[in-house]
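1. sequence? don't have it. structure:
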């Protein structure tokens with residue numbers, strides 16, 4: 001069976017963000033694949049929207065057998081299970097969230113569909129905090 005190496009970025013800024021990250025990591029490990037490496041957990045200010053709630057963020061490198069679209073579906077399922085019923089695309093703007101899990105890199109491929117673009121351009125090139133975390137696990 002072949003495996004894929006994927007970098008994910010997780011963020012949370014409401015309802016005990018640090019605990020939300022830990023719950024999501026456990027779900028990723030049990031439902032998606034092995035966590036090979038994780039970055040430090042940091043606190044960052046909201047980006048591209050105003051909020052009084054700072055984020056907890058972490059990047060992880062995982063090994064999974066799932067294709068990009070199947071992986072996205074499984075990550076969205078984790079987000080829904082944790083209480084995030086609709087993502088930013090539904091609202092047309094960023095807002096506070098209990099959990100956000102982005103696929104940043106998937107092996108070394110470029111992948112483009114209506115629902116998913118890999119690599120994740122904003123987190124790799126526009127957000128310093130994200131780029132630093134991602135570089136810790138690459």
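-> Cool, got the structure. As the structure is a computational prediction, the values presented were derived from the model and not from experiment.
2. for this structure, just list every one of the helices.
-> 17-31, 68-81, 88-91, 121, 128-137 (DSSP state H).
3. where does the prediction get shaky in this structure?
-> Flagging of the chain using pLDDT under 70 yields the residue ranges 88-93.
4. most centrally placed residue in it?
-> Here the mean C-alpha position of the chain is nearest to the C-alpha of residue 101 (CA atoms, centre = their mean), at a distance of 2.5 Å.
5. separation between it and residue 22?
-> Distance, residue 101 to residue 22, by CB to CB, to the nearest Å: 13 Å. Heads up, the C-betas are built off the backbone N, CA and C, glycines and all.
6. what lies in contact with stretch 38-57?
-> 9-14, 17-18, 20-21, 25, 58-61, 93-96, 127, 129-130, 132-134, 136-137 (CB atoms under 8 Å, 6 or more residues apart in numbering).
7. if we go to 7 Å?
-> 9-14, 17-18, 21, 58-60, 93-96, 127, 129, 133, 136-137 (CB atoms under 7 Å, 6 or more residues apart in numbering).
8. now do the end-to-end distance for that stretch.
-> This stretch, stretch 38-57, spans 11 Å end to end (CA to CA, to the nearest Å).
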